[in-house]
Each structure stands twice: as C-alpha cells, then as structure tokens.
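> any chance you can model this:
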Amino acid sequence: WQELCLLMGEKGAGIALKSSPARVMLVGLQGTGKTTSAAKLAKFYKQQGKKVLLVATDLKRPAASEQLQTLAKSIDVEVVMPRPVGDVFSVIDNGLAMGKGQGADLLIIDTAGRVTVDEALMEELSQMKARAQPDEVLLVADAMTGQTAVNVAQSFHQRVGITGVILTKTEGDARGGAILSIRAITGAPVKFIGVGEKLDAFEVFHPDRMASRILGMGDILSLVELAEKSFSSEQSAHTKEKVKTGQFTLEDFRGQLAQIKKMGNLAKVFEMIPGIQEMTKLANPMQMEKELGHAEAMISSMTPLERENPDIINGSRRKRIAAGSGTSVQEINRLLKKFFEAKKMFRSMSVGNGVRGWKNPLRQIFSSM
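Just a heads-up that it's a prediction; the model follows:
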C-alpha cells in the first residue's frame, strides 16, 4: 500500500493559487471532458468561497463556448466569451482584464482540443501559455483510454509543459494504471479526478485513498466527507430520535432514501466501504439502486396518512399504490413486511451504535426485496 502511494504521489495536491487572479489553463484532446472539467473545477473552488471566472478560448469546436456558458450558468459563474471577430489571444486579454477588474480569485481557461495531437495545436497552446502566464497547466485526460492517455500526456508535457493532471472517468477499472503511468512518464501529479458526469462528481486526488480503493481496502475518509455533504445533521438527529422512540415511519424512510440519493452513484459509494466484497447481500450496487428507486416510488404513491400509519394499508390500498408506482401488490407486500421487521429491529438498537446500528436495518429491508 505504501509503495503504491509513493508511486502515485505522496499526498494530495490542489492547484497553486499564486497570482492575483490565479490562472489555470486546461489542455487536452477532444472528448476527454475538458469543458465539463472546467465547470467542475469552477464549482469546486466557488464552494470554497473563491470568485471564479471562466474563459472560453475554444474557437475550433462548434458551440464549445456556448456549452461552457450553459454549464457556467448552472453554477452561477461568469464566462468571458469570444467576440464575433477576434482570436484566442484577445479572449485571454479580455479575461485577464475582467478578472482584475472584478477582483476574481481564479481564472480557468478552457482551450481547444483536437482529435489527435498535432503541430498546430501544440503551437497554439504554447503561444497561449506565453500570453496567459498561467500558474498551472492541467492536462485533462480520459482514464479509460489507457495507454493512449499516457502517450497524450507525454506529448503535451514535452511541447507545452504541464504542471498537473485532471483524470476523468476514474470510476472505471482502468484508473490505477493510467495514474501510475502518467505520473511515471511526466512527473506531473494527478491533482483532481472526475468520478461521474455531474458537476459535483469531482474530487481532489488523494494517492493514499486511491491506493486503498485499488487494493479493495475501501476509503472511509472520502465516504465520511461525502456523507457530511449529503446528510443534514438536523435531519439525522431528528430521525435517530424517532427511531429511539419507535415512531419511525415510511415518511421518515423516504427522507432517508432521498439523502442516500444525494450521495450519487451507489457503485462509487460501495467502493469506499471496506470489505464490501464480503457483503453478498448488497454486493450489487446497480441492483441496490434499482430497489431504492422502486421503494421510493411505492412510498411516494401512498397518501401522507398511509406513510405515517402504514398499518391502515389494506388490500384495496395496496392495489392503488401498486398501480400508482408501476409495481405489483407483491412488491408492496414485501416492502411493508421488511419495513415492519426493520422497525422492530430499530427498537432494539442502541443509539450509540452509530453507523453499525444503521447498516443492519437497511440490509434487512432490501435483502429480500
């Protein structure tokens, strides 16, 4: 584990915010997720209280600047757009001037890519780098392309000079090899990883945590951070109190399902849990996600009175709920049976059991659905 950590980099490294505003230039081939990564990086630093400005310099790909503008609008970040008549250098100059005028902390420059590495691309990027004087030049590479990503990294490093890497699609199995190879070839650290398509599916790269995931040891620190973002402390305290007093209802259960969905892809969540391979009942996150969706649909098809008092759900009500949720009466029966069994278990739980105390009832509810 320690050797693997050293090979990937000793510790996590964010970007260096040196200048005022700091400047980050994103480079890479088309299709690696460069524009989306620019928006993800902007959201990441905006959530840390930084004023971020995006700069659209991709004049090659049709509607590239409009795509960046749409993404930026969704996270409420401003974009410096190219003028009808102009070049990438005028866009950079406008971005630098606007950044200083607005007191921005960070400029993120989204550059044009190509289908393959070519001389024209490298020359343009070299000139843009000289003009922008970025603090960081980050290569956006696709982890799923394997050796191609490594070759691309080497080419960009030799011609442009990269200071770090954003590795996208790291939720796949190929991530470890790409990280190790890129680090060995360029010496540049992987600074961020994309772990999904949504704009918040973006993390600082921690070599020790990735090593643990690769070796099947889980990643408790990342799991805790994800849970803290997804779960309201007030709601958790309220739910624990209802469990303690035996008043936990299907409405409360639906609230828990909504909180779990905020954590994102369950395959990613499961990967962080040590020993998940041994948990055969919940070893298939795709099936688990499907069951969560069915359960939420069934509960949402109930009336508020039924959710608070599931004992009143008789045969006719079950037929109505099944029709409304696109499920069957048998599935409604299984959900209610497992809910009542879990509720009995809740009563015997010690509040001090923490995470362990919550794991068994969830397994109880879904293990036989």
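
> buried residues in stretch 20-27?
21, 22, 23, 24, 25, 26, 27 (16 or more other CB atoms under 10 Å). Yep, even glycine has a C-beta here, placed from its N, CA and C like the rest.

> tabulate the residues you listed (TSV), appending distance to residue 169, secondary structure and pLDDT.
TSV is the format used below for the buried residues of stretch 20-27 (distance: CB to CB, whole Å; DSSP: H, G, I helix; E, B strand; the rest coil; pLDDT from 0 to 100):
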residue	distance to residue 169	secondary structure	pLDDT
21	29	coil	91
22	27	strand	93
23	26	strand	95
24	20	strand	96
25	21	strand	96
26	16	strand	96
27	17	strand	94
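
> with those residues in mind, which one is nearest to residue 298?
residue 26 (44.2 Å; CB to CB).

> what's opposite that closest one in the beta bridge?
For residue 26, the beta-bridge partners are residue 110, residue 138 (DSSP bridges).

> pretty sure it contacts residue 165?
No: shown here, residue 26 and residue 165 do not form a contact pair, counting by CB atoms under 8 Å, at 10.6 Å.

> which neighbours do those two have in common?
Residues touching both residue 26 and residue 165 (CB atoms under 8 Å, 6 or more residues apart in numbering): 138, 140.

> name the SS class of residue 342, please.
At residue 342 the chain is in helix, as set by DSSP: H, G, I helix; E, B strand; the rest coil.

> report pLDDT for it.
Looking at residue 342, its pLDDT stands at 70.

> state the distance from it to residue 66.
According to CB to CB, to the nearest Å, residue 342 and residue 66 sit 49 Å apart.

> which ones are touching the closest residue in space to residue 60 that isn't next to it in sequence?
Residue nearest to residue 60 in three dimensions, not counting chain neighbours: residue 112, with 4.1 Å by CB to CB, 6 or more residues apart in numbering. Each residue near residue 112 by CB under 8 Å, 6+ apart is listed here: 57, 58, 59, 60, 61, 64, 88, 121, 124.

> tell me the one of those nearest residue 186?
Distance to residue 186 across the contacts of residue 112 (CB to CB) is lowest for residue 121, with 17.6 Å.

> what helices or strands is the one helix or strand that closest one maps to leaning on?
Taking DSSP states H and E as the definition, residue 121 sits inside helix 119-132. The contact analysis (3 or more CB pairs under 8 Å, 6 or more residues apart in numbering; DSSP states H and E) places helix 119-132 against strand 22-27, helix 88-102, helix 147-159.

> now do 6 Å
On a contact count with 3 or more CB pairs under 6 Å, 6 or more residues apart in numbering; DSSP states H and E, helix 119-132 meets strand 22-27, helix 88-102.

> and the contacts of the first one?
Applying CB atoms under 6 Å, 6 or more residues apart in numbering, the set of residues contacting strand 22-27 from outside is 15, 34, 38, 106-111, 125, 132, 134-140, 156.

> if we can go back for a sec, between the contacts of residue 112, which is closest to residue 335?
residue 64 (46.8 Å).

> so how many other residues sit close to that closest one?
Number of residues near residue 64 (other CB atoms under 10 Å) recorded here: 21.

> re the thing from before, in a markdown table: the contacts of residue 112, plus distance to residue 44 and pLDDT.
Below are the contacts of residue 112 laid out as a markdown table (distance: CB to CB, whole Å; pLDDT from 0 to 100):
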| residue | distance to residue 44 | pLDDT |
| --- | --- | --- |
| 57 | 20 | 93 |
| 58 | 20 | 91 |
| 59 | 26 | 87 |
| 60 | 26 | 83 |
| 61 | 24 | 83 |
| 64 | 21 | 89 |
| 88 | 25 | 91 |
| 121 | 27 | 85 |
| 124 | 27 | 90 |
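
> drop anything exposed from the residues you listed.
Of the contacts of residue 112, these count as buried by 16+ other CB under 10 Å: 57, 58, 64, 88, 121, 124.

> helices or strands up against the helix or strand residue 66 falls within?
Here residue 66 sits within helix 64-74, counting by DSSP H and E. Secondary structure elements in contact with helix 64-74, counted by 3+ CB pairs under 6 Å, 6+ apart, are helix 34-46, strand 52-56, strand 78-80.

> how about 10 Å then?
Packing contacts for helix 64-74, counted by 3 or more CB pairs under 10 Å, 6 or more residues apart in numbering; DSSP states H and E, involve helix 34-46, strand 52-56, strand 78-80, strand 106-110.

> quick one: closest of the ones you listed to residue 196.
helix 34-46 (9.9 Å).

> more neighbours: which of residue 342 and residue 66?
Legend: neighbour count by other CB under 10 Å for residue 342 and residue 66, higher for residue 342 (18 against 12).

> go ahead and confirm that one touches residue 252.
No: in this structure residue 342 lies outside contact range of residue 252 using CB atoms under 10 Å: 11.5 Å.

> how about residues contacting the helix holding residue 121?
Residues outside helix 119-132 that contact it (CB atoms under 10 Å, 6 or more residues apart in numbering): 23-25, 27-29, 55, 57, 59-60, 87-93, 95-96, 107, 109, 111-115, 118, 134, 137, 155-156, 158-161.

> put the buried members of those into a PyMOL selection.
The buried residues among those can be selected in PyMOL (16+ other CB under 10 Å) with this line:
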select buried, resi 23+24+25+27+28+29+55+57+88+91+92+95+96+107+109+111+112+113+134+137+155+156+159+160
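
> which stretches of the stretch 101-250 of the chain aren't confidently modelled?
Scanning the stretch 101-250 of the chain for pLDDT under 70 picks out 146, 171-180, 207-241, 243-246.

> all helices of it, in order?
119-132, 147-159, 175-186, 207-214, 220-230, 233-244, 250-262 (DSSP state H, counting those that start in this stretch).

> buried sites along the longest one?
Judged by neighbour count using 16+ other CB under 10 Å, the buried positions of helix 119-132 are 121, 122, 124, 125, 128, 129, 131, 132.

> thanks a lot, catch you later.
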